[in-house]
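*Asks:* here's a sequence, model it:
(chains A and B)
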Amino acid sequence: MINDIISMNGYGIYVWSAFTFTLISFAVLYTVIKVQLVKEKIKFDAKYLTLTPDKKQAVRAQETYKGILASNSVSKI
Amino acid sequence: MLKNFEPNKIFSITSKAPKYVLFVFIIIISIGLIEALIISPKDYIQSHSVRIMYVHVPSAWIALGTFSIIAILSLAILIFKNKSFILITKSLAPSGLVFNIIALVTGSIWGKPTWGTWWAWDARITSMLILALFYVIYILAWRIYDGREKAHRITSLIAILGAINVPIIKYSVDWWSTLHQPASISIFTKTSIHHSMMLPLALMTAAFALFSLLIFLMKYNTELIKIKNKGLDRL
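*Replies:* Okay, the predicted model is just below:
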């Protein structure tokens, strides 16, 4: 049965390569986007930590910054 | 209504949603792969090569759908000068391009056992290739003009121009004599595909749509944090 699934009457090479290409493309795209996101978060955390206390307070007062801080690790520092 | 598209409101969803979307995607794609590769029957003419349809067709649908959304939102950007849509269109493009490439490559792989060739300058294939080129130009334009005032105008115009190609892709099989068969699935008329093949196709389409959503959410967060990083510099 396993052989039938792999060979698919000689069409296995086409079917498996199409599915493999799709899944590899997914993995590459996910990794690239994830790396970009993590890099931006690290950059944000580094900049935020260098701010003076009053500037930090001003940042925390804004809705979007509040959201980013809540999702980043810096809020736990 | 447009206030619901403000970045801070969208971010409150996009920052939390990816992990749930990823979880549901993994479940649906696992079931979809079992259905597509093992349970679904082979075709009486194409035999097992028909299974390529379960990755090829959803990819083409999502690539087309994504570009249509980008084009509609781009039109809204130009008419209403709505800046919230700019981030959305920019974040949709990467997954659209990847799905377009998947559709072209898997279509080529499917073409070899079915038509005896990897590539033909068939109306459907050529118009899909043109769509991929529009995606590339759109993404490159963002890279070249990013941060400049005219960036959203140039990218919006590219998307609207590219949208002319969308109905050409859809109706190419009806307007020209092509290697592709006419559509088997229609919203308005009776679908000619058997339910044993419709189920894996629906599952794989749902899984691919979820993956596209996941990439969009992550890219949106990245772009928003990038903008806010620049905001921190100006403080």
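
*Asks:* distance of the most centrally placed residue in chain A from chain B?
*Replies:* The C-alpha lying nearest the average C-alpha coordinate of chain A belongs to A:K34 (Cα atoms, centre = their mean; 2.0 Å). Per Cβ to the nearest Cβ, to the nearest Å, A:K34 is found 7 Å from chain B. Placement of C-beta: from N, CA and C, glycine included.

*Asks:* quick check on the closest residue to that residue other than its chain neighbours: phi, psi?
*Replies:* Nearest non-adjacent residue to A:K34, counting by Cβ to Cβ, 6 or more residues apart in numbering or on different chains: B:M218, 6.5 Å away. Main-chain torsions, B:M218, degrees, to the nearest 10: phi -70, psi -40.

*Asks:* what pLDDT does A:V74 get?
*Replies:* With respect to pLDDT, A:V74 has a value of 51.

*Asks:* tell me who's in contact with A:F21.
*Replies:* Applying Cβ atoms under 8 Å, 6 or more residues apart in numbering or on different chains, one finds that A:F21 lies in contact with B:102, B:105-106, B:109.

*Asks:* what residues does chain A have near chain B?
*Replies:* Residues of chain A that fall close to chain B, judged by Cβ under 8 Å from any Cβ of the partner chain: A:5, A:8-9, A:11-12, A:14-15, A:17-19, A:21-22, A:25-26, A:29-30, A:33-34, A:36-37, A:40-41, A:43-44, A:47-48, A:51, A:55, A:58-59, A:62-65, A:67-68, A:70-71.

*Asks:* just the ones in helices from those residues, please.
*Replies:* Cross-referencing these against helices under DSSP state H gives A:5, A:12, A:14-15, A:17-19, A:21-22, A:25-26, A:29-30, A:33-34, A:36-37, A:40-41, A:43-44, A:47-48, A:55, A:58-59, A:63-65, A:67-68, A:70-71.

*Asks:* hmm, A:T31 and the residue nearest to A:K34 touching each other?
*Replies:* No: in this structure, B:M218 is not within contact of A:T31 by Cβ atoms under 8 Å, at 10.8 Å.

*Asks:* just want to know which of the two has more residues nearby.
*Replies:* B:M218 (25 against 10; other Cβ atoms under 10 Å in any protein chain shown).

*Asks:* contacts only, for that one.
*Replies:* A:33-34, A:37, B:18.

*Asks:* pull up the gap between it and B:F11, please.
*Replies:* 12 Å (Cβ to Cβ, to the nearest Å).

*Asks:* now swap in A:K43 and tell me
*Replies:* For A:K43 relative to B:F11 (Cβ to Cβ), the value is 17 Å.

*Asks:* these two: who's more crowded?
*Replies:* Of the pair A:K43 and B:F11, B:F11 is the one with more neighbours under other Cβ under 10 Å, namely 24 against 14.

*Asks:* what about that one, which SS state?
*Replies:* With DSSP: H, G, I helix; E, B strand; the rest coil as the basis, the three-state label of B:F11 is helix.

*Asks:* mind checking how far it is from chain A?
*Replies:* Distance of B:F11 to chain A, computed by Cβ to the nearest Cβ: 5 Å.

*Asks:* now the contacts of A:F21 as JSON lines including neighbour count and secondary structure?
*Replies:* Below are these laid out as JSON lines (neighbours: other Cβ atoms under 10 Å in any protein chain shown; DSSP: H, G, I helix; E, B strand; the rest coil):
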{"residue": "B:I102", "neighbour count": "26", "secondary structure": "helix"}
{"residue": "B:V105", "neighbour count": "19", "secondary structure": "helix"}
{"residue": "B:T106", "neighbour count": "26", "secondary structure": "helix"}
{"residue": "B:I109", "neighbour count": "23", "secondary structure": "helix"}
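
*Asks:* tell me the buried residues in stretch B:221-235?
*Replies:* Neighbour counts over stretch B:221-235 (16 or more other Cβ atoms under 10 Å in any protein chain shown) mark B:221-226, B:228-229, B:232 as buried.

*Asks:* pLDDT averaged over it - what is it?
*Replies:* Stretch B:221-235 comes out at a mean pLDDT of 83.

*Asks:* export only the CA atoms of that stretch, formatted as PDB.
*Replies:* What follows is stretch B:221-235 as a C-alpha-only set of coordinates in PDB (Å, rounded to 0.1, in the frame of the first residue of the first chain):
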ATOM      1  CA  ASN B 221       2.600  43.600  12.300                       C
ATOM      2  CA  THR B 222       6.100  43.900  10.800                       C
ATOM      3  CA  GLU B 223       5.100  47.000   8.700                       C
ATOM      4  CA  LEU B 224       3.300  48.700  11.600                       C
ATOM      5  CA  ILE B 225       6.200  48.100  14.000                       C
ATOM      6  CA  LYS B 226       8.600  49.400  11.300                       C
ATOM      7  CA  ILE B 227       6.600  52.700  11.100                       C
ATOM      8  CA  LYS B 228       6.400  53.000  14.800                       C
ATOM      9  CA  ASN B 229      10.200  52.500  15.000                       C
ATOM     10  CA  LYS B 230      10.600  55.500  12.800                       C
ATOM     11  CA  GLY B 231       8.200  57.300  15.200                       C
ATOM     12  CA  LEU B 232      10.500  56.600  18.100                       C
ATOM     13  CA  ASP B 233      13.400  58.200  16.300                       C
ATOM     14  CA  ARG B 234      11.400  61.400  15.900                       C
ATOM     15  CA  LEU B 235      10.600  61.700  19.700                       C
END
